[in-house]
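Peer 1: no sequence on this one, just coordinates:
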């Protein structure tokens, strides 16, 4: 990776400690939660093709080798070795890990050690509340636990993450809920919930958002596509406009994750509001060979100091490699087109590449100067 | 067409048996229902340019010849000969024909014979109901006729088509209407309608959709742009999300037609739900020289086993030629860009081209193995 | 500019008579109304890069020179000389100037003289009403003043402009408000307003729109992105569909300004309705090196006789240069791609370029035949 800028993955999840088996591997290539349609395979997608293109060579196979051959080689090497090879090959120098997803996953520290990189935690707000609910004796204890958990996170983590897009959609009331409203909602939820169940009460979701906003740490918000429990049309980041305005006096950075296919609207928010940032996230991995085209669209309105790289990798170490390679290729292709026509200078292209790769994330999350 | 994959046009309409005259010809180049603005011509559009580019050579004229010259040659050859030349030149090997549009049009069997291809019927649900209403003595007879018509279609047709987008928008209630609700709506409609009038009652439109869903045959749904009686913002396929979920237990394939400019959202639905498919349809014809750019966007999230070719051709045989040529050019340009950068292998590109051209449609509609 | 088609800027604002200073200069590069985020600069955006690329050479600097160097040179030359050099270099032959923005700006006549071009006025409806309110003794006088002002504008101006998008969003009631409703709204507004305050009453905004529609002069409507007081999701031009239908019987041309990121929907409206036109406006300046990509998307559905060039330049003379150069580059790149693949002929490309550059605007606004 000599000569390449550092790469900060500002939003990802852990890697499976063991497995997955063949069927499960294919499932990780799709946001769908059921098997592929009869006669089709999740390997026949941009992400599937990108895994064969970019990961096969890391495992000493020919690029584009058939899925069966790839899975055979994976089984032969074993999970630990595959994970080590792929994470090292990703070229990522820092991970910001949302630790709120289920599964037997490597911790941020383990990820860092295996990858030869640094790792920091991002606290998922809904998970924090669900854990508090599992532990709390009563409503007061639950709310205190949330409050303490958020305060404690400021010490231990680099930011927060919200999945209110999945649980309630982004068209939520923009103002903080009142104290008695929060108490009543907590009471209602705690008295009816089954242990381990998900938080989807909109009042409590907003309470969490505002608790995070008040800390001033960057707040990552899922927007755009994801798995089938969301309604994509309720995940347009523009639905957050009034919330963005309400947060403005606090200055807390809001990081719009993924954004696709509403990334141009996300670019507008990043241009119009100083505290809004936008991320390529999940989108680049899933559009594969089209990553350059999508990244170029986000580079229309968004100021270059406001764009961030991430992989959103979850489960498979392959997703780090693919995310990093697609991003590097996409930035090179896009800025190459700009310099090729004379619209940009080479110096500007190099400087913007460094900002998107690591500089913006380092500034935003307070990472070490090397970043 | 040697060496080219077969081409299944999975959604089209008939060709005019005679005419059209000059003014009418121009009207078929636009989705508008009134003449072009003063000082402008419908020929000055991507579709107009594409007709001159791709059809003029079939009639032994230079590509891009002036509209007048093209219309002169058309008149000289006569409708029958023009139709024969163009349909043969389209390279389409199978047509799935929505027979529900008005006009003195060739039947599927005639289309097949002239084109030297096969043809199958797609039943337009609203037309089926309007015919039933014209014939029925009373409400019971009307509802029985719909029920019989749908059942009979399973034997004679390859799928259904709905234009609920035009009649009520796609933000309809996702669940099947109850029996008494349907009866009351039918009663109301039959007692107030004028013979030949259109069905736009949302309860009856939903009743038709669900009658089709229960058969398990593929159900084509108009989404995205079309002529000016629709409100385009009510035709975003994402508005169908809850309907898509309600249909999931039945496994009935839902085919989203056209989709533009919401095709990326359609790609998401095709990725997230195994029973959802997406079609390029109308879009490629109307964006002409931009067909490659639009097709590439639909190839971002949609799995390659879920994408379908169609022309939506109606009235003019030119629209088959243009649809087929633009599609072939667009697929070649898009996959060529992917292989050129090394992102895809040549083998994968050829395989995906065959899937989009004919393989997916053949699997979905149960066409003969040659497809 | 020999050999290049004329260029009609169909929507722009005045140029500052003096200044701006350094900080203010940077602010004109963004639609944001507050300083750039810590550690970032508005120069690090597509528009900032485009100013350095296209304006630096006009001031005898190297393309892409650093912002400091550019601002030094600007200060050295002085506002008057900078304005003269840049306006002359823009190659714009006619300006249609919305005179309703605040600031010490050059008048259309001054702009014309400095640029060696012609200039015409576009009347901003909300400003007309606000001036009437500042002057009026009572409600009757206020409404009479609006009526007179609109009638007078037909004699003095080439069209009207509405910013209802900013004040109420585009999802307004499509029909003209009734007389008594207008009277009551005027009464309410006049009795509560502070002198100099903005009009945002939706009834009065609609009353203005309809007063303009009844004159038959082209009516420009802001759609799509702009500064942060709008909610972008309420500025989708498709929200105007029912208004477009209501206006159809009058035949009054409606010109959709800017449109981004909803420009494909604007293209649909321009294709579906003879009285709808679409403009590239603000969008090209702000997407800079991506202007070709965005312009190409608007050239998908919109008929070529319905597309218009503008700069939306405000304050800085640089914005005329950038708008004109980006437009010329974008059209050349887009039509060059179309002719390169054989999809379009060279003759058609030249003809469409002339239509977009000046021909459509000349026809629409009744400019002299040289246009």
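Peer 2: Sure thing, it's come through. Nothing here was measured: the structure is a model prediction, and the numbers come from that model. Residues are numbered from 1 along each chain as shown, chains lettered A, B, ... in the order given.
Peer 1: ok and the residue in the stretch 51-200 of chain A nearest chain B?
Peer 2: Residue of the stretch 51-200 of chain A nearest chain B, by C-beta to the nearest C-beta: residue A:64 (3.8 Å). In this view, the C-beta of every residue, glycine as well, is placed from N, C-alpha and C.
Peer 1: what residues are up against that residue?
Peer 2: A:49, A:52-53, A:56, B:344-345, B:347-348 (C-beta atoms under 8 Å, 6 or more residues apart in numbering or on different chains).
Peer 1: In terms of helix, strand or coil, where does it fall?
Peer 2: Residue A:64 falls in the coil class when you classify it by DSSP: H, G, I helix; E, B strand; the rest coil.
Peer 1: Would you report the backbone torsion angles of it?
Peer 2: Dihedral pair for residue A:64: phi 70, psi 10, per degrees, to the nearest 10.
Peer 1: separation between it and residue A:106?
Peer 2: For residue A:64, the distance to residue A:106 (C-beta to C-beta, to the nearest Å) stands at 28 Å.
Peer 1: mind giving me TSV with the contacts of residue A:64 and columns for secondary structure, distance to chain C and neighbour count?
Peer 2: Shown next, in TSV, are these (DSSP: H, G, I helix; E, B strand; the rest coil; distance: C-beta to the nearest C-beta, whole Å; neighbours: other C-beta atoms under 10 Å in any protein chain shown):
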residue	secondary structure	distance to chain C	neighbour count
A:49	helix	24	24
A:52	helix	29	25
A:53	helix	25	24
A:56	helix	32	20
B:344	coil	20	25
B:345	coil	24	18
B:347	helix	25	11
B:348	helix	23	20
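Peer 1: Closest one to residue A:221 out of those, please.
Peer 2: residue A:49 (29.6 Å; C-beta to C-beta).
Peer 1: show me the contacts for the closest one.
Peer 2: Residue A:49 neighbours (C-beta under 8 Å, 6+ apart): A:43, A:64, A:288-289, B:343-344, B:348.
Peer 1: And for residue A:239?
Peer 2: Residue A:239 neighbours (C-beta under 8 Å, 6+ apart): A:169-171, C:233.
Peer 1: Same check on residue A:296?
Peer 2: Per C-beta under 8 Å, 6+ apart, neighbours of residue A:296: A:330, A:334, A:337, C:290, C:293.
Peer 1: Tell me the secondary structure at it.
Peer 2: Going by three-state DSSP: residue A:296 is helix.
Peer 1: wait, what's in contact with residue A:344?
Peer 2: Here residue A:344 is in contact with A:335, A:338, C:49, C:53, C:64, C:289 (criterion: C-beta under 8 Å, 6+ apart).
Peer 1: Take the contacts of residue A:64 and lay them out in a markdown table including pLDDT.
Peer 2: Below are those laid out as a markdown table (pLDDT from 0 to 100):
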| residue | pLDDT |
| --- | --- |
| A:49 | 98 |
| A:52 | 98 |
| A:53 | 98 |
| A:56 | 98 |
| B:344 | 98 |
| B:345 | 98 |
| B:347 | 98 |
| B:348 | 98 |
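Peer 1: nearest to chain B, of the contacts of residue A:296?
Peer 2: Nearest to chain B out of the contacts of residue A:296 is residue C:293 (C-beta to the nearest C-beta; 8.7 Å).
Peer 1: Relative to chain B, how far out is the nearest residue to that closest one once chain neighbours are set aside?
Peer 2: Take residue C:293 and drop its neighbours on the chain: the residue closest to it by C-beta to C-beta, 6 or more residues apart in numbering or on different chains is residue A:296, 6.8 Å away. Distance, residue A:296 to chain B, using C-beta to the nearest C-beta, to the nearest Å: 12 Å.
Peer 1: Please tell me how far residue A:296 sits from residue C:189.
Peer 2: When residue A:296 is compared with residue C:189 (using C-beta to C-beta), they lie 45 Å apart.
Peer 1: that older thread, the residue nearest to the residue of the stretch 51-200 of chain A closest to chain B when sequence neighbours are not counted: what's it in contact with?
Peer 2: Excluding its sequence neighbours, the residue lying closest to residue A:64 (C-beta to C-beta, 6+ apart) is residue B:345, at 3.8 Å. By C-beta under 8 Å, 6+ apart, the contact set of residue B:345 is A:63-64, B:339.
Peer 1: How about the residues of the stretch 151-300 of chain A by chain B?
Peer 2: Applying C-beta under 8 Å from any C-beta of the partner chain, one finds that the stretch 151-300 of chain A approaches chain B through A:225, A:227-228, A:231-233, A:260-261, A:286-290, A:293-294.
Peer 1: Let me know the average pLDDT across stretch A:245-258.
Peer 2: Across stretch A:245-258, the average pLDDT comes to 98.
Peer 1: Would you mind listing where the stretch 251-371 of chain A has pLDDT under the threshold?
Peer 2: A:369-371 (pLDDT under 70).
Peer 1: which residues does the closest residue to chain C within it contact?
Peer 2: Closest contact between the stretch 251-371 of chain A and chain C, by C-beta to the nearest C-beta, is at residue A:305 (3.0 Å). By C-beta under 8 Å, 6+ apart, the contact set of residue A:305 is A:355, A:360, C:36-37, C:39-41, C:44.
Peer 1: Specify which member of the contacts of residue A:49 is nearest to residue B:159.
Peer 2: Ranked by distance to residue B:159 (C-beta to C-beta), those are led by residue A:43 at 27.3 Å.
Peer 1: What is the neighbour count of the closest one?
Peer 2: For residue A:43, the number of neighbouring residues by other C-beta atoms under 10 Å in any protein chain shown comes to 23.
Peer 1: repeat for residue A:19
Peer 2: Around residue A:19 there are 13 residues (other C-beta under 10 Å).
Peer 1: Now for it: which residues touch it?
Peer 2: residue A:79.
Peer 1: Checking my notes, it in a helix, right?
Peer 2: No. Assessed with three-state DSSP, residue A:19 is coil; it does not lie in a helix.
Peer 1: With distance to residue B:193 as new columns, can the contacts of residue A:64 be given to me in JSON lines?
Peer 2: What follows is the contacts of residue A:64, written out as JSON lines (distance: C-beta to C-beta, whole Å):
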{"residue": "A:49", "distance to residue B:193": "52"}
{"residue": "A:52", "distance to residue B:193": "57"}
{"residue": "A:53", "distance to residue B:193": "58"}
{"residue": "A:56", "distance to residue B:193": "63"}
{"residue": "B:344", "distance to residue B:193": "54"}
{"residue": "B:345", "distance to residue B:193": "57"}
{"residue": "B:347", "distance to residue B:193": "56"}
{"residue": "B:348", "distance to residue B:193": "53"}
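Peer 1: out of the residues you listed, which one sits closest to residue C:26?
Peer 2: residue A:53 (42.1 Å).
Peer 1: contacting residues around the closest one?
Peer 2: A:63-64, B:342-344.
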